[in-house]
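# pasting the sequence and the predicted model now:
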Amino acid sequence: MSTPRATVSCPTCGLEERFSKLADARLRIEEHRAETGHDPTWELGRFAPGVEKMGDEAGVCGVNLDENR
């Protein structure tokens with residue numbers, strides 16, 4: 001596996017899995033919710049500096065939170 005891009009964890013049951021693709025991590029979150037009713041979370045790893053900069057500038061889901069205050 002390449003460098004983990006995301007870690008999925010569930011505080012309810014102790015699940016912890018690492019994924020190299022964000023889509024796979026998101027799918028695991030949805031599967032775990034459907035299977036157990038738990039609410040797992042994910043922690044994103046490091047991205048290329050340009051990607052991080054663009055993400056910071058875009059804000060959450062493309063919305064700049066500073067502009068909405």
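That came through, no problem.

# going forward, measure contacts between C-alpha atoms and count neighbours the same way
OK.

# Cys13: how many residues sit nearby?
Neighbourhood size, Cys13 [other Cα atoms under 10 Å]: 10.

# and what of Gly45?
So Gly45, with other Cα under 10 Å, has 14 neighbours.

# does it really touch Phe19, like I thought?
No. Gly45 lies out of contact with Phe19 (Cα atoms under 8 Å); the separation is 9.7 Å.

# which non-adjacent residue is nearest His32?
Once flanking residues are discounted, His32 sits nearest to His38: 6.9 Å by Cα to Cα, 6 or more residues apart in numbering.

# just the strands in this structure please.
With DSSP state E as the criterion, the chain has strands at 6-9, 16-19, 41-44.

# so for the first one, mean pLDDT?
Over the span of strand 6-9, the pLDDT mean works out to 92.

# now stretch 45-65
Stretch 45-65 comes out at a mean pLDDT of 61.

# before we move on, back to that, contacting residues for the residue nearest to His32?
By Cα atoms under 8 Å, 6 or more residues apart in numbering, the contact set of His38 is 10, 12, 32.

# rerun that using 10 Å as the cut-off
Under the criterion of Cα atoms under 10 Å, 6 or more residues apart in numbering, the neighbours of His38 are 10-13, 29-30, 32.

# from Leu44, how far off is it?
19 Å (Cα to Cα, to the nearest Å).

# longest single helix anywhere in this protein?
Taking DSSP state H as the criterion, the chain has its longest helix at helix 22-36.

# now for that helix, which elements pack on it?
strand 6-9, strand 16-19, strand 41-44 (3 or more Cα pairs under 10 Å, 6 or more residues apart in numbering; DSSP states H and E).

# among these, which is the most enclosed?
Highest mean neighbour count among the helices and strands packed on helix 22-36 (mean count of other Cα atoms under 10 Å): strand 6-9, with a mean of 20.
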